[in-house]
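J.: what's the 3D shape of this:
(chains A and B)
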Amino acid sequence: DTAVSQTPKYLVTQMGNDKSIKCEQNLGHDTMYWYKQDSKKFLKIMFSYNNKELIINETVPNRFSPKSPDKAHLNLHINSLELGDSAVYFCASSRAREAFFGQGTRLTVV
Amino acid sequence: QKEVEQDPGPLSVPEGAIVSLNCTYSNSAFQYFMWYRQYSRKGPELLMYTYSSGNKEDGRFTAQVDKSSKYISLFIRDSQPSDSATYLCAMRDGSSNTGKLIFGQGTTLQVKP
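T.: Predicted structure coming up:
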């Protein structure tokens, strides 16, 4: 059973397009996150939702908009994609302590 | 200066060696410390979780936290080629309820047969 699953795994798209990444967790956790990992493997938090409420919004361009329809789902929509958005995006969830990560979505903007 | 510093390596050791991975940090509010292992093209997988100072052992892995020095370590005994991966330290502010993790850059480890 996959604990945190995200789709798609790979996404190749042109500059200027709009794309979405979906995430689902079956761990019963209250909090979900989006992290971005750059080419140097540095992982940085973007957003966090607790019980569908946004609680962390780091300095992320407005083109990125998270949406949490329920506790088990957190999606990420990106408008007007730019070359610099190319990275691996990880969804994660936690209850109180450590976080569990999905397998990542490798986004390449060409 | 980054909140969490970690030498990116790469670190190459022979099979069976003891590996020591380290992170330093600057924020004294960090209370929760984690080590994640990330294989190539996979998501980070939680290896060890420690609260505050002290040691924790799990099989071949030992995590140490020295809050007075703001220094954490992960030791891997009898390293195996399957341990070849990137190891990420992560930390959390004890007073925050957001669950936000601050990561080190990760150390790439290669264990040669």
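
J.: from here on, contacts and neighbour counts on C-alpha atoms
T.: Fine.

J.: what strand or helix carries residue 48?
T.: Using chain A. strand A:43-50 (DSSP states H and E).

J.: should've been chain B
T.: With DSSP H and E as criterion, residue B:48 is part of strand B:45-51.

J.: what kind of secondary structure is the closest residue to chain B within chain A in?
T.: Closest contact between chain A and chain B, by C-alpha to the nearest C-alpha, is at residue A:103 (4.2 Å). The three-state label given to residue A:103 by DSSP: H, G, I helix; E, B strand; the rest coil is coil.

J.: contact partners for it?
T.: A:4, A:5, A:6, A:9, A:90, B:41, B:42, B:43, B:44 (C-alpha atoms under 8 Å, 6 or more residues apart in numbering or on different chains).

J.: among the residues you listed, name the ones in strands.
T.: If you go by DSSP state E, the contacts of residue A:103 have A:4, A:5, A:6, A:90 in strands.

J.: for residue B:69, helix, strand, or coil?
T.: coil.

J.: distance of it relative to chain A?
T.: Taking C-alpha to the nearest C-alpha, to the nearest Å as the measure, residue B:69 and chain A are separated by 23 Å.

J.: and the strand holding residue A:48, what does it pack against?
T.: Packing partners of strand A:43-50 (3 or more C-alpha pairs under 8 Å, 6 or more residues apart in numbering or on different chains; DSSP states H and E): strand A:31-37, strand A:53-57, strand B:102-103.

J.: strands paired with it, and their directions?
T.: strand A:31-37 (antiparallel), strand A:53-57 (antiparallel) (DSSP bridges).

J.: what residues of it count as buried?
T.: A:43, A:44, A:45, A:46, A:47, A:48, A:49, A:50 (16 or more other C-alpha atoms under 10 Å in any protein chain shown).

J.: what's residue A:40 in contact with, if anything?
T.: The contact partners of residue A:40, taken as C-alpha under 8 Å, 6+ apart, are residue B:105.

J.: against residue B:6, how distant is it?
T.: Plainly put, residue A:40 is 12 Å away from residue B:6 if you go by C-alpha to C-alpha, to the nearest Å.

J.: can you pull the residues that touch both of these two?
T.: residue B:105.

J.: can you pull out the strands in chain B?
T.: Under DSSP E, chain B gives strands at B:4-5, B:11-14, B:19-25, B:30-38, B:45-51, B:54-58, B:61-66, B:71-76, B:85-93, B:102-103, B:107-112.

J.: which positions in chain B make contact with chain A?
T.: Within reach of chain A by C-alpha under 8 Å from any C-alpha of the partner chain, chain B has these residues: B:32, B:34, B:41-46, B:49, B:98-106.

J.: tell me, how many residues neighbour the residue in chain B positioned nearest to chain A?
T.: Relative to chain A, the nearest point of chain B is residue B:43 (4.2 Å; C-alpha to the nearest C-alpha). A count of nearby residues for residue B:43, using other C-alpha atoms under 10 Å in any protein chain shown, gives 22.

J.: name all residues that make contact with it.
T.: Contacts of residue B:43 (C-alpha under 8 Å, 6+ apart): A:90, A:101, A:102, A:103, A:104.
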